[in-house]
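Student: only geometry, no sequence info:
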């Protein structure tokens, strides 16, 4: 994957937001994933999200109060990130980020 450098304004991903990563990728013939039309790209992303939801049924859904209580209680009881991820049905990265927001790690 070829990356395009940041503009002279020295923006970084924290300033432009987490969903602006695609603005810094340069499409090329070798990188067919990003050289398709908008409709094809949306279809690919939808299929990717569906595959993720097969493995993690609660992915991309809002966290409930019960899930947050469970996360805090079970983390303090000694469960690992992977065990919490499996029990909550969420991606490990999402569980880790939520633990950071709750101040658990």
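Tutor: Noted; the coordinates are in hand. The shown structure was predicted, so the numbers you read here are calculated from the model rather than taken from an experiment.
Student: in this structure, which spans are helices?
Tutor: 13-16, 38-55, 65-77, 81-88, 92-102 (DSSP state H).
Student: give me the phi and psi for residue 59.
Tutor: Main-chain torsions, residue 59, degrees, to the nearest 10: phi -60, psi 140.
Student: who's in contact with it?
Tutor: 49, 52-53, 89-91, 94 (C-beta atoms under 8 Å, 6 or more residues apart in numbering). The C-beta positions use only the backbone N, C-alpha and C, and glycine is treated the same way.
Student: how about 6 Å then?
Tutor: Residues counted as contacts of residue 59 (C-beta atoms under 6 Å, 6 or more residues apart in numbering) are 52-53, 90-91.
Student: looking at neighbours, which among those residues is most surrounded?
Tutor: Comparing the contacts of residue 59 by number of neighbours (other C-beta atoms under 10 Å), residue 90 comes first, having 23 neighbours.
Student: verify the contact between that one and residue 56 for me.
Tutor: Yes - when contacts are counted by C-beta atoms under 6 Å, residue 90 is listed as touching residue 56 (5.4 Å).
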